[in-house]
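3D, please:
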Amino acid sequence: MWRSRTTKVDKKHLEYWYECIDEETPHVDLETKVVMIPDTIRNVMG
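You can find the predicted model right below:
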């Protein structure tokens, strides 16, 4: 179940994001090279 509270990890992640990620720089879409999801789960996902 999703929790709406902010955890310590969330706070650290946001701290890093605001300090280190330049949102003005365009993002790059990467091509998937390896998928490590087991076939049983991939089949359920569709």
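
count of neighbours near residue 22?
For residue 22, the count of nearby residues is 6 (other Cβ atoms under 10 Å). Any C-beta I mention is one placed from the backbone N, CA and C, and that applies to glycine too.

same deal with residue 46?
4.

Which helix or strand contains residue 31?
Counting by DSSP states H and E, there is no helix or strand that carries residue 31.

What separation do you get for residue 25 and residue 9?
Taking Cβ to Cβ, to the nearest Å as the measure, residue 25 falls 25 Å from residue 9.

so where's this protein uncertain?
1-4 (pLDDT under 70).

And the helices in it, which stretches?
8-20, 39-45 (DSSP state H).

Turn the ones you listed into CSV, including mean neighbour count.
CSV is the format used below for those (neighbours: other Cβ atoms under 10 Å):
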stretch, mean neighbour count
helix 8-20, 9
helix 39-45, 8
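
Any chance of those in JSON lines with distance to residue 32 as columns?
Listed next are those as JSON lines, based on distance: least, Cβ to Cβ, whole Å:
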{"stretch": "helix 8-20", "distance to residue 32": "23"}
{"stretch": "helix 39-45", "distance to residue 32": "13"}
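
Those: which one's closest to residue 30?
Proximity to residue 30 (Cβ to Cβ) singles out helix 8-20 among the helices of the chain, at 18.4 Å.
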